[in-house]
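**Student:** Please find the sequence and the predicted model below.
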Amino acid sequence: MILEGYQEGLAKPAPRLLDEQESWMRPYVACSDEERRDFWHEVKHYREVKNPPPEVASMLETSLPKGAKLKRFASLRKGGGSLGRPRYVAIAAWAGGQVVREAKALVPSAWDWAHGNRDEPKFLVPTFLGT
């Protein structure tokens, strides 16, 4: 069943709202109701950004599913593997729910850093945070 779904998805890729639709998939990607509430509560409190870097804003908007309506951009910083690097998110309404796309600064090569290349960070898009 999983392999058939994977093959079908490769043949005709399309986003799915796993949180609000396609409930048959939930056991395969499940998180607890508490984790889900915590996630959306956190998203609700992301700090709004009126003008993210234009390149990042464009990439985030392009990554949204067709028909999604951008509600706002926000920024956040987290620890862990990102070491406090900037992250931007696009929060949009889509198909009766919300979607979130994230762009985060790529970690520059230590070789470049050691040889004086201190360019502005480049961003990787998208990470599908919530749909």
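**Tutor:** That came through, no problem.

**Student:** Pretty sure D112 sits in a helix.
**Tutor:** Yes - per DSSP: H, G, I helix; E, B strand; the rest coil, D112 lies within a helix segment.

**Student:** And the strands in the protein?
**Tutor:** Per DSSP state E, the chain carries strands over the ranges 47-49, 69-76, 87-94, 97-105, 123-130.

**Student:** Mind putting those strands into a markdown table with mean neighbour count, distance to K12 and mean pLDDT?
**Tutor:** Glycine gets a C-beta too; all of them are placed from N, C-alpha and C. Converted to a markdown table, the strands of the chain look like this (neighbours: other CB atoms under 10 Å; distance: least, CB to CB, whole Å; pLDDT from 0 to 100):
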| stretch | mean neighbour count | distance to K12 | mean pLDDT |
| --- | --- | --- | --- |
| strand 47-49 | 12 | 35 | 90 |
| strand 69-76 | 16 | 24 | 92 |
| strand 87-94 | 21 | 18 | 92 |
| strand 97-105 | 21 | 19 | 88 |
| strand 123-130 | 16 | 18 | 57 |
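
**Student:** C31: which of those strands is closest?
**Tutor:** Nearest of the strands of the chain to C31, taken as CB to CB: strand 123-130 at 10.3 Å.

**Student:** Reformat the strands of the chain as TSV; add distance to L10.
**Tutor:** Conversion of those to TSV gives the following (distance: least, CB to CB, whole Å):
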stretch	distance to L10
strand 47-49	35
strand 69-76	28
strand 87-94	22
strand 97-105	21
strand 123-130	17
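
**Student:** Of all these, which one is nearest S58?
**Tutor:** Here strand 123-130 is closest among these (CB to CB), at 9.3 Å.
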